[in-house]
Structure formats: C-alpha cells, structure tokens
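Undergrad: I would like to see how this sequence folds:
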Amino acid sequence: EKIWRINVMSHIYAARSLFPLWKTNNHREGIFVVTASAAGLLAQIGSLPYHVTKHSAVSIADWLAISFRQDGVSVHCLCPQAVKTNMLKTIESISEGGPAGLDGIADPKEVALVTLKAIKDGHFFILPHPEVKKYFARKSTDYDRWIRGMEKVHRQYYGCMKSKL
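TA: Numbering: from 1, shown residues only. Coordinates of the predicted model:
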C-alpha cells in the first residue's frame, strides 16, 4: 500500500491541490509533471507493485493532460530508466542499475535539463533515455515479441519465480 501512495496517490493529491488554485487565480499557465518511469511505458522486471503503480502514474498523466489542457495546464510525464539516486541502493545489482540500467544510469542533473527542454518544447513524454521511445514503439507494434524479449531479460536477472508479487 505504501508504494501505491507514493507512486499513484501523490500525483492525485498534488493535482487536487494545484489545479483548483490555478483555475481560481486565472493562472492559465500551470505546469504539472508526473514522475512515472520507463517502467510505466514498458515493464518493471521483478516487481509487480512497481510495474502496476508506474503504469497507473502514466495513466494519471494522460488523463490530466486530456482533461486540463484547455484550461491552460501543461501536463508532462517523466519516464526515465535508471537514475543515479538513492533508489538504486534498493536494486540488487547496484553498479549496473538492475534491468533498468541496461542503457546506462542517468545523472540527475541531465534528467533535469532534459525535463526542462521537453516542457519548453511542449512534449508530453519526457524520456531522458532516448532508447525508451524506440522500445515503446516496438512494444506497441508486436506485443508478443515484446513479452518474449522481456521474459529473456527477466530470466537473466531473476531466473524462475523470483519476482515480487
């Protein structure tokens, strides 16, 4: 339940607090960034709760963007893979960032710069790891192949029946 509050409800609580203020104050230039993860677009190998909550965070961002753009609120969805933060300490293979670190571990300052540029350019998805865009496109065009590929990555890191439900 803690992961649900952190990864999902925090965005809902923030939106419930900010959006009415922006509307009341005629502040027609609100910017709202949902911090999801590449796991919200792709998959999180090894952790069902993280996988589900990050997909939910992407859905929240979708819904907010669709519902409030006409009110002048710019909604964006940050979807990095591994970022060099304390969260990496919870991953078994910290030096590589676990499965999320296959494409490298991003520096937080670089993620911030990419985020600011994406907001300025009006992009909904903020993808600090450019490979994520390619993976997301592949997932949508051949889902069966995607599942087989992710299964291989899962076996590489966790073997059989080692994931957290």
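Undergrad: could you measure from the residue nearest the centre of the chain over to residue 7?
TA: Closest to where the C-alpha atoms of the chain average out (CA atoms, centre = their mean) is residue 37, at 2.0 Å. Separation of residue 37 from residue 7 (CB to CB, to the nearest Å): 8 Å. C-beta coordinates here come from the backbone N, C-alpha and C atoms, glycine included.
Undergrad: shared neighbours of these two, anything?
TA: Counting by CB atoms under 8 Å, 6 or more residues apart in numbering, the contacts common to residue 37 and residue 7 are 50, 54, 57.
Undergrad: show me what contacts the second one?
TA: For residue 54, the contacting residues are 7, 36-37, 39-40, 44, by CB under 8 Å, 6+ apart.
Undergrad: what's the closest of those to residue 147?
TA: Within the contacts of residue 54, the smallest distance to residue 147 is 14.0 Å, found for residue 44 (CB to CB).
Undergrad: for the nearest residue to the residue nearest to the centre of the chain once chain neighbours are set aside, report the pLDDT, please.
TA: Using CB to CB, 6 or more residues apart in numbering and skipping the chain neighbours, the partner closest in space to residue 37 is residue 54 (4.4 Å). pLDDT, residue 54: 96.
Undergrad: tell me which helix or strand residue 54 sits in.
TA: Residue 54 is part of helix 48-68 when elements are defined by DSSP states H and E.
Undergrad: would you indicate which residues of that helix are buried?
TA: Neighbour-count burial for helix 48-68, counted by 16 or more other CB atoms under 10 Å, picks out 50-58, 60-61, 64-65, 68.
Undergrad: any stretches of the protein with poor pLDDT?
TA: 25-28, 88-103, 159-165 (pLDDT under 70).
Undergrad: what's the angle between the helix or strand hosting residue 20 and helix 48-68?
TA: Per DSSP H and E, residue 20 falls inside helix 10-24. Put simply, helix 10-24 runs at 10 degrees to helix 48-68, going by axes from the mean of the first three to the mean of the last three CA atoms, to 10 degrees.
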